[in-house]
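>>> I'd like to go over a predicted model; first the sequence, then the structure.
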Amino acid sequence: MLPEFKTIQFEESDERLKIVWPIPRNWFLFGLFSLALIVWLVMLVGMAIYLARDVMGAGERCTFVFSAMLLIWLFIWFRFGHILWTRWQFYAADREILFIDEERLIIRRPVSILGITDAYDRQHISPFYFHEKHHCPVFDYGYQHVYFGEGLVPDEARTLLTLLNGRFFPDLDDG
């Protein structure tokens with residue numbers, strides 16, 4: 001039997017447990033990453049146009065080395081955009097979803113059909129605990145600390161952790 005929470009929703013099936021909670025949006029960081037993403041896109045398109053029109057069309061004036069340097073820079077700039085896109089999706093999400101089944105634990109921050117999805121092998125995760133400094137639930141995956149549920153009230157987070165540890169780590173001694 002799953003407890004009732006104000007903000008947390010549970011869906012249980014034979015295969016998995018799905019837990020959904022809202023995330024408060026950090027408008028400053030969302031705006032900052034939105035602006036950075038727009039600047040990145042304008043500069044990427046501008047660089048591609050410059051490369052296609054001025055460098056490739058210049059003929060003898062531009063050397064192969066200069067063209068190769070621009071292509072390398074364009075590739076680096078494209079990879080930087082991937083990092084920006086991921087961070088923008090992190091701050092654009094309005095909810096967080098935790099899926100737990102027999103083999104995996106999946107944390108999803110959906111933005112429409114897009115979003116960030118992280119999957120972890122259940123046999124390598126530690127029991128859940130509350131991180132006092134960050135005020136959120138956390139588990140260890142190998143040597144990596146994985147934080148989730150930053151939008152939860154500490155009392156709800158601790159109750160959720162008790163439920164998750166009781167269900168998925170029954171041999172855990174809280175003492």
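Thanks, I have it. Residues are numbered from 1 along each chain as shown.
>>> Which residue lies nearest the spatial centre of this structure?
residue 116 (4.2 Å; Cα atoms, centre = their mean).
>>> right, and the helix or strand after the host helix or strand of it?
Element membership of residue 116 [criterion: DSSP states H and E] is strand 114-121. Downstream of strand 114-121, the next assigned helix or strand under DSSP H and E is strand 129-131.
>>> which stretches of this protein aren't confidently modelled?
By pLDDT under 70, the low-scoring segments of the chain are 1-2, 54-63, 172-175.
>>> Domain parsing of the protein, as residue ranges.
Annotated domains of the chain cover 9-23+93-168, 28-91 [automatic domain parsing].
>>> how distant is the longest one from the center of its chain?
The chain centroid and the centroid of domain 9-23+93-168 are separated by 12 Å, computed with Cα atoms, centre = their mean, to the nearest Å.
>>> And the last one, by the same measure?
Domain 28-91 has its average C-alpha position 23 Å from the chain's average C-alpha position, going by Cα atoms, centre = their mean.
>>> gap between the two ends of it?
10 Å (Cα to Cα, to the nearest Å).
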